[in-house]
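Enquirer: when you get a sec, could you give me coordinates for this:
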Amino acid sequence: MNRIKEFYRISRPAPKRELDDTACDRYYRRLRLQAFTAATLGYSLYYVCRTSLNVMKKPILDSGSLDASQLGIIGSALLFAYAVGKFVNGFIADYCNIKRFMATGLVVSASANALMGVLGLAQSVIPTAVVFVAFAVMWGLNGWAQSMGAPPAIISLSRWYPLKERGTYYGFFSASHNLGEFFSFLFVGSIVTFAGWQAGFFGSAAAGAIGVIVILCWLHDTPESKGLPPVETLAHEKSRSQADRSVKEIQKQVLKTPAVWILAAASAFMYISRYAINGWGVLFLQEAKGFSDSEAISIVSINALLGILGTVLSGWFSDKLCKGDRKLPALLFGILNSVALTLFLYGGTEVWVNVLAMVLFGIAIGVLICFLGGLMAVDIVPRKATGAALGVVGVASYCAAGIQDVASGWLIDAHITVAADGTKVYDFAPVAFFWIAASVISFLLPLLNWKSNVSDKQAE
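Expert: Numbers count the residues shown, from 1 in each chain. As a prediction, the model looks like this:
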């Protein structure tokens, strides 16, 4: 146990490098760019290992290996494990060598994907009940491993970037979610189309292996571990006075703040609509609108790509155009989210209509992930309690996403009829109402905070 703790312990300072100011600054900027690149690309490949199952649901259902309810439970196992892991691993990562910690999580995640591919190949000799339980266990393990990705990636920004630049780079890093989803739909989806769903798991495992290499090569632990001064010295930051209240006291205050819980609930309903499309959108296009596998995957992947634009620009335009007030843009993009979702579900079978729906949906979700998914909560709490606010929002969001997977799978399964020729006919009307209702609630809830201000944030 001591050896394990020592292996993951934060790096000890290396002997100080004898460099002049110009060389030191150049070396520091090169290392921090490598760390940012590794965190962003590495986490996007984490996402490939997380969302791979989403593009395999139709072929798995067609093969008769599992039904929609079972796939919903399997998907929720990841999300529930991830929600709990965000709390636990977030605390642990603060004490860890972030390179080793993040790489370990991706090794486990890639391994879980590979093992599910092996189970898929052996499905003909394994009872369906065993396949279902094994998939649920492995996907739950994957969820826990996935929670080892975001904390070290965000900690790397804190360790390597000064306060005045961290927000900008955090916006760019946040695009890794959408980039990973796009990679998953494009890369894994192509493999599934040409080689079958079992091969898709091996493809996502290979993507994870690439991510491990990137993290080990470029994600540096701390400036001190490279013989540099701490980032506060490198960035010439002024020392900040500390408040009398402890972090523990401030975190308790956050837990008693209704506005934080309202935003957590809003984010939870937004995540229902987000994961509804990411998890079931491909199946919907295939069964309800008659698109081919490749067409459905390509259309849904557009929302992940456009989400990058929304996420990257959201913080910037709210700062510049709204002077840091996110409430109005959150309302407008929340409405856009519901409009886009309605267009997708009821807009007919024209390709351009569905593409337009995914463009609008992707931009809206990209903005809302940034706002409802954390930034608005951070705006209304003291700076010391940022982690507590994000933890509350994160747990609510991913628990809701897990509930969505189970509920959506059940609603889809409960409204399937079998035609005379044995063909399954899907009725998506009930689950569509569930998804749209969730998106509407997600933009109505923040209206309860409309008169709140951010003055408490300055109470350091």
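Enquirer: tell me the SS of the closest residue to residue 110 other than its chain neighbours?
Expert: In space, residue 110 comes closest to residue 208 once its chain neighbours are excluded; the distance is 2.9 Å by CB to CB, 6 or more residues apart in numbering. For every residue, glycine as well, the C-beta is placed using N, CA and C. Following DSSP: H, G, I helix; E, B strand; the rest coil, the label given to residue 208 is helix.
Enquirer: go ahead and confirm residue 208 touches residue 108.
Expert: No. Counting by CB atoms under 8 Å, residue 208 stays clear of residue 108, with 9.2 Å between them.
Enquirer: more neighbours, these two?
Expert: residue 208 (28 against 18; other CB atoms under 10 Å).
Enquirer: now do the same contact list for the nearest residue to residue 354 once chain neighbours are set aside.
Expert: In this structure, residue 354 finds its nearest non-sequential neighbour in residue 299, 5.2 Å apart by CB to CB, 6+ apart. With contact set as CB atoms under 8 Å, 6 or more residues apart in numbering, residue 299 has these partners: 285, 291, 351, 354, 355, 358.
Enquirer: need the worst-confidence member of the residues you listed.
Expert: By pLDDT, residue 291 ranks lowest within the contacts of residue 299, coming in at 89.
Enquirer: so what's it up against?
Expert: Residue 291 neighbours (CB under 8 Å, 6+ apart): 285, 299, 349, 354.
Enquirer: reformat the residues you listed as a markdown table; add secondary structure and distance to residue 161.
Expert: Below are the contacts of residue 291 laid out as a markdown table (DSSP: H, G, I helix; E, B strand; the rest coil; distance: CB to CB, whole Å):
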| residue | secondary structure | distance to residue 161 |
| --- | --- | --- |
| 285 | helix | 40 |
| 299 | helix | 37 |
| 349 | coil | 47 |
| 354 | helix | 39 |
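Enquirer: pipe those into a markdown table and attach distance to residue 270 per row.
Expert: Below are these laid out as a markdown table (distance: CB to CB, whole Å):
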| residue | distance to residue 270 |
| --- | --- |
| 285 | 22 |
| 299 | 21 |
| 349 | 27 |
| 354 | 21 |
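Enquirer: which among the contacts of residue 299 gets closest to residue 18?
Expert: Distance to residue 18, by CB to CB, is smallest for residue 358 among the contacts of residue 299, at 54.4 Å.
Enquirer: confirm for me that the closest one is in contact with residue 307.
Expert: No. Contact criterion CB under 8 Å: residue 358 and residue 307 do not qualify, at 9.8 Å.
Enquirer: and the two? Which one has more around it.
Expert: The neighbour count for residue 358 versus residue 307, taken as other CB under 10 Å, is higher for residue 307 (30 against 26).
Enquirer: how close does that one sit to residue 377?
Expert: Distance, residue 307 to residue 377, using CB to CB, to the nearest Å: 20 Å.
Enquirer: do the same with residue 264
Expert: 7 Å.
Enquirer: got any residues that touch both of the two?
Expert: Jointly contacting residue 264 and residue 377 under the rule CB under 8 Å, 6+ apart are 392, 393.
Enquirer: right, and the helix or strand after the host helix or strand of residue 59?
Expert: Taking DSSP states H and E as the definition, residue 59 sits inside helix 57-63. Downstream of helix 57-63, the first helix or strand assigned by DSSP H and E is helix 68-93.
Enquirer: just the pLDDT for residue 386.
Expert: If you check residue 386, the pLDDT there is 58.
Enquirer: please apply the same query to residue 360.
Expert: Listed pLDDT for residue 360 reads 95.
Enquirer: what's the answer for residue 86, then?
Expert: At residue 86, the pLDDT recorded in the model is 78.
Enquirer: again, but for the one 10 residues further on
Expert: According to the model's per-residue confidence, residue 96 sits at a pLDDT of 82.
Enquirer: phi and psi next, for it.
Expert: Dihedral pair for residue 96: phi -110, psi 160, per degrees, to the nearest 10.
Enquirer: please apply the same query to residue 416.
Expert: Main-chain torsions, residue 416, degrees, to the nearest 10: phi -100, psi 130.
Enquirer: ok, the residue nearest to residue 110 - contacts?
Expert: By CB under 8 Å, 6+ apart, the residues touching residue 208 are 45, 46, 48, 49, 106, 107, 109, 110, 113.
Enquirer: nearest to residue 9 among these?
Expert: When those are compared against residue 9 (criterion: CB to CB), the nearest one is residue 107, at 18.6 Å.
Enquirer: check contacts around the closest one.
Expert: Going by CB under 8 Å, 6+ apart, residue 107 touches 208, 212.
Enquirer: buried sites along the helix holding residue 59?
Expert: The neighbour-count check on helix 57-63 (16 or more other CB atoms under 10 Å) flags 57, 58, 59, 60, 61 as buried.
Enquirer: would you map out the domains in this protein?
Expert: Following automatic domain parsing, the chain resolves into domains at 23-232, 247-449.
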